[in-house]
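[1] Provided below for reference: sequence and predicted model.
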Amino acid sequence: MTMKLSTKLNKTTIKPGMYLRDKEFTGLTGVTRYSLEFWNEIKGRINEVVKAEILLDKRQNPRLQLTTLDDVKVVLYGCNAGYGGEGPRGTVQILKEAGFNPDRVEEVVFHQETFTLRRKAKVEAA
């Protein structure tokens, strides 16, 4: 799947304010390993992440939404929170890589079903 994902992402121009949803690139939703793969492909192409949220849709399905300095929103449907399973572990990995406080991340992700975390930017938006 990596080749298909990389090809489609490479053809995508990332612009301020846009949404990048993993399911639109992977064709699947709710699978942690595909969300992690999407994150690994996209993290070098986006600006610094300054906000992370676990949101619920109308059916109470969770998703991790990351917001960058230039308001790009990266939505990962295979990442969630509130217990010690694969989805929350994926969320913890991504948030640590995005620069959030590791101790705070684990405390929040494993114990709260929804949350909002913010962090100060290390660099200024271009």
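    Okay, I see it. From a predicted model like this one, the values you see are computed outputs, not experimental measurements. Numbering: from 1, shown residues only.

[2] Where do the helices of this protein begin and end?
    2-10, 22-26, 32-42, 86-97, 102-111 (DSSP state H).

[3] Show me the contact partners of the last one.
    Yep, that's helix 102-111 we're talking about. 81-84, 88, 91-92, 95-96, 115, 117 (C-beta atoms under 8 Å, 6 or more residues apart in numbering). For every residue, glycine as well, the C-beta is placed using N, CA and C.

[4] what's the neighbour count on residue 67?
    17 (other C-beta atoms under 10 Å).

[5] swap in residue 86?
    For residue 86, using other C-beta under 10 Å, the count is 15.

[6] And for it, nearest residue in space, chain neighbours not counted?
    Closest residue to residue 86 apart from its sequence neighbours, by C-beta to C-beta, 6 or more residues apart in numbering: residue 32 at 4.9 Å.

[7] Same check on residue 18?
    Leaving out its chain neighbours, the residue that sits closest to residue 18 by C-beta to C-beta, 6+ apart is residue 72, at 5.8 Å.

[8] likewise residue 34?
    That would be residue 26: by C-beta to C-beta, 6+ apart, it lies 4.5 Å from residue 34.

[9] Now mean pLDDT too, for the helices of the chain, in a markdown table please.
    Below are the helices of the chain laid out as a markdown table (pLDDT from 0 to 100):
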| stretch | mean pLDDT |
| --- | --- |
| helix 2-10 | 66 |
| helix 22-26 | 88 |
| helix 32-42 | 95 |
| helix 86-97 | 98 |
| helix 102-111 | 96 |
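
[10] between the ones you listed, which gets nearest to residue 62?
    Among the helices of the chain, the nearest to residue 62 by C-beta to C-beta is helix 86-97 (7.6 Å).

[11] For the closest one, list the C-alpha coordinates in PDB.
    What follows is helix 86-97, C-alpha atoms only, in PDB (Å, rounded to 0.1, in the frame of the first residue of the first chain):
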ATOM      1  CA  GLU A  86      -3.700  -0.100  19.500                       C
ATOM      2  CA  GLY A  87      -5.500   3.100  18.500                       C
ATOM      3  CA  PRO A  88      -4.400   5.100  21.500                       C
ATOM      4  CA  ARG A  89      -0.800   3.700  21.200                       C
ATOM      5  CA  GLY A  90      -0.800   5.100  17.600                       C
ATOM      6  CA  THR A  91      -2.100   8.400  18.900                       C
ATOM      7  CA  VAL A  92       0.700   8.600  21.500                       C
ATOM      8  CA  GLN A  93       3.300   7.800  18.900                       C
ATOM      9  CA  ILE A  94       2.100  10.500  16.500                       C
ATOM     10  CA  LEU A  95       1.800  13.100  19.300                       C
ATOM     11  CA  LYS A  96       5.200  12.500  20.600                       C
ATOM     12  CA  GLU A  97       6.700  12.700  17.100                       C
END
